[in-house]
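> generate a structure from the sequence data that follows.
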Amino acid sequence: MNKLELIKEKLSNAGYKVSVDVELQNDTNANIVASRTYFSWKGLVILSQHIVIQVVDAPTILDFKNLFNAGFNIGKKLNRVPLLRGLQFGYMIIPIIIANDVSDEVKQFVSQVPSKHWSIFEFPVVFDASSNETIFFKETTFWGAFFFSDLRGVVSKYIE
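Take a look at the predicted model:
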């Protein structure tokens with residue numbers, strides 16, 4: 001079973017709504033899009049989590065930014081429901097690129113503290129198919145400390 005099929009099966013079995021070959025706004029396709037919405041006791045917040053996976057031969061940082069933006073647009077389409085006043089809500093976007101040729105620049109980008117957004121978590125991940133290594137931010141910062149363990153858990157459980 002190849003990596004994409006394995007990831008798809010794991011996410012489907014975990015209750016994610018999984019779609020394949022999803023057309024994105026920049027005339028590209030995501031190989032897999034997986035979404036779920038859940039309540040987190042950590043922040044007393046409802047989270048809209050979206051994993052967007054694309055196979056790219058030699059990815060650049062711009063590829064990750066485009067994939068993040070596409071994931072956020074997917075999230076807004078799926079969960080743009082007005083919530084009761086005072087109810088917390090946030091998006092978790094996990095752009096994942098599977099590649100055979102991963103540059104040091106990309107490795108450094110996904111290993112550093114993810115970009116900060118208001119009520120949006122961005123957590124880029126690259127799977128280096130040539131070395132069978134999953135590279136992502138493995139530390140915890142003050143900003144987002146409650147949720148980084150959740151994001152790392154998703155990557156460890158379904159991608160690594």
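> what's the lengthiest helix in the chain packed up against?
The residue-count maximum for a helix in the chain (DSSP state H) belongs to helix 61-78. Contact here means 3 or more C-beta pairs under 8 Å, 6 or more residues apart in numbering; DSSP states H and E; on that basis helix 61-78 packs against strand 29-40, strand 45-55, strand 88-99, helix 104-111. The way it works is simple: take the backbone N, C-alpha and C, and place the C-beta from them, glycine included.
> so where's the chain shaky on pLDDT?
Scanning the chain for pLDDT under 70 picks out 1, 80-87, 118, 140-146.
> find the centremost residue of it, please.
Ile94 (0.9 Å; C-alpha atoms, centre = their mean).
> my read: Leu24 touches Asp63, true?
No - here Leu24 does not reach Asp63: they are 11.4 Å apart, not a contact under C-beta atoms under 8 Å.
> my read is that Ile97 contacts Pro59, right?
Yes - the pair Ile97 / Pro59 is scored as a contact, 4.6 Å apart, by C-beta under 8 Å.
> what pairs with the helix or strand containing Phe127, parallel or antiparallel?
Phe127 is part of strand 125-128, with elements assigned from DSSP states H and E. Paired with strand 125-128 in the same sheet, following DSSP bridges, are strand 88-99 (parallel), strand 133-135 (antiparallel).
> beyond the shortest one, next helix or strand please.
Under the assignment DSSP H and E, the closest C-terminal helix or strand after strand 133-135 is helix 145-158.
> that following helix packs against which elements?
Applying 3+ C-beta pairs under 8 Å, 6+ apart, one finds that helix 145-158 contacts helix 3-13, strand 29-40, strand 45-55, strand 88-99.
> distance from the chain centre to that helix, please.
The gap between where helix 145-158 is centred and where its chain is centred comes out at 10 Å by C-alpha atoms, centre = their mean, to the nearest Å.
> now what about it, what contacts it?
Residues external to helix 145-158 that are found in contact with it (C-beta atoms under 8 Å, 6 or more residues apart in numbering): 7, 10-11, 14, 40, 42-43, 47, 49, 51, 92, 94, 96, 121, 123, 125, 134, 136-141.
> isn't Gly15 up against Arg36?
Yes - judged on C-beta under 8 Å, Gly15 makes contact with Arg36 at a distance of 6.2 Å.
> pick out whichever of those two has more residues nearby.
Legend: neighbour count by other C-beta atoms under 10 Å for Gly15 and Arg36, higher for Arg36 (18 against 10).
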